[in-house]
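**Student:** Prediction below, plus the sequence it came from.
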Amino acid sequence: MIVAGVVVGMIGLSFASVPAYRAFCQITGWGGFTQRADGPAARTLAREVTVRFDATVAQGLAWRFKPEQLAQTLHIGETGLAFYEAVNLTDRPVSGRATFNVSPAKAGIYFNKIECFCFTEQTLSPGEKVSMPVTYFVDPALADDPNLAEVQTITLSYTFFAWDDEPAGAGTVGG
């Protein structure tokens, strides 16, 4: 009975580990996981930070995906608006979902997104090209963290993955 109980407990823990790890990362900013905010920061500081933008597409998703700007320099607490461009290169509708992180990872807890295309799946029609916004700010509390005194640049990275039940590579790649 004890061995059976341990086996059942281990199986339960394996299913709970992914949601638990995700919750831990959201709360602590671990691994560059960003935060979600309901609105802009309450204050803006004189200190500036440069936010760089990066984009990749996972294997199996026939999209072109890139930032529309390479970087933005803002005051800490100032709201920024950046755009990413996505193009469906197939002859069928394709859905994708973006994962994200920031580097340095220790800045993740201070990077807040108000609105983002990454909050939901995106479906593009055949050949469709879209411009997707992300509204963000760097929390003024970053300036109070001595471990981040040297941080002048934060990179916001997205990777788009296929988000449908069709096998990877299905559909014809077009222009």
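**Tutor:** Looks like it came in fine.
**Student:** Secondary structure element holding residue 123?
**Tutor:** If you go by DSSP states H and E, residue 123 is part of strand 122-124.
**Student:** A helix includes residue 147, no?
**Tutor:** Yes. The assignment for residue 147 (DSSP: H, G, I helix; E, B strand; the rest coil) places it in a helix.
**Student:** Quick check: it touching residue 106?
**Tutor:** Yes. Taking CB atoms under 8 Å as the definition, residue 147 is a contact partner of residue 106 at 6.1 Å. In this view, the C-beta of every residue, glycine as well, is placed from N, C-alpha and C.
**Student:** Show me which of those two is the more surrounded one.
**Tutor:** A count of neighbours by other CB atoms under 10 Å puts residue 106 above the other of residue 147 and residue 106, at 17 against 10.
**Student:** Now for residue 38: which residues touch it?
**Tutor:** Residue 38 sits next to residue 114 when contact means CB atoms under 8 Å, 6 or more residues apart in numbering.
**Student:** Does it belong to a helix, a strand or coil?
**Tutor:** Three-state assignment for residue 38 (three-state DSSP): coil.
**Student:** picking up where we left off before, give the rounded mean pLDDT of the strand holding residue 123.
**Tutor:** On average, the pLDDT along strand 122-124 is 96.
**Student:** Any idea how far that strand is from the middle of the chain?
**Tutor:** 16 Å (CA atoms, centre = their mean, to the nearest Å).
**Student:** Please spell out which residues along the next helix-or-strand element following it are buried.
**Tutor:** Once strand 122-124 ends, the next helix or strand along the chain (criterion: DSSP H and E) is strand 129-138. Using 16 or more other CB atoms under 10 Å as the test for burial, strand 129-138 gives 132, 134-138.
**Student:** Residue 124: which of those residues is nearest?
**Tutor:** Of all the buried residues of strand 129-138, residue 124 sits closest to residue 132, with 10.1 Å by CB to CB.
**Student:** Share the number of residues neighbouring the nearest residue to residue 122 once chain neighbours are set aside, please.
**Tutor:** Distances taken as CB to CB, 6 or more residues apart in numbering put residue 96 closest to residue 122, at 5.5 Å, once the chain neighbours are dropped. Using other CB under 10 Å, residue 96 has 23 other residues around it.
**Student:** those helices in this structure, which residues are they?
**Tutor:** In order along the chain, the chain carries the following helices (DSSP state H): 2-28.
**Student:** Tell me the pLDDT of the residue nearest in space to the middle of it.
**Tutor:** For the chain, the residue nearest the mean C-alpha position is residue 100 (2.1 Å; CA atoms, centre = their mean). If you check residue 100, the pLDDT there is 90.
**Student:** what about residue 109, distance to residue 77?
**Tutor:** Applying CB to CB, to the nearest Å, the value for residue 109 to residue 77 is 15 Å.
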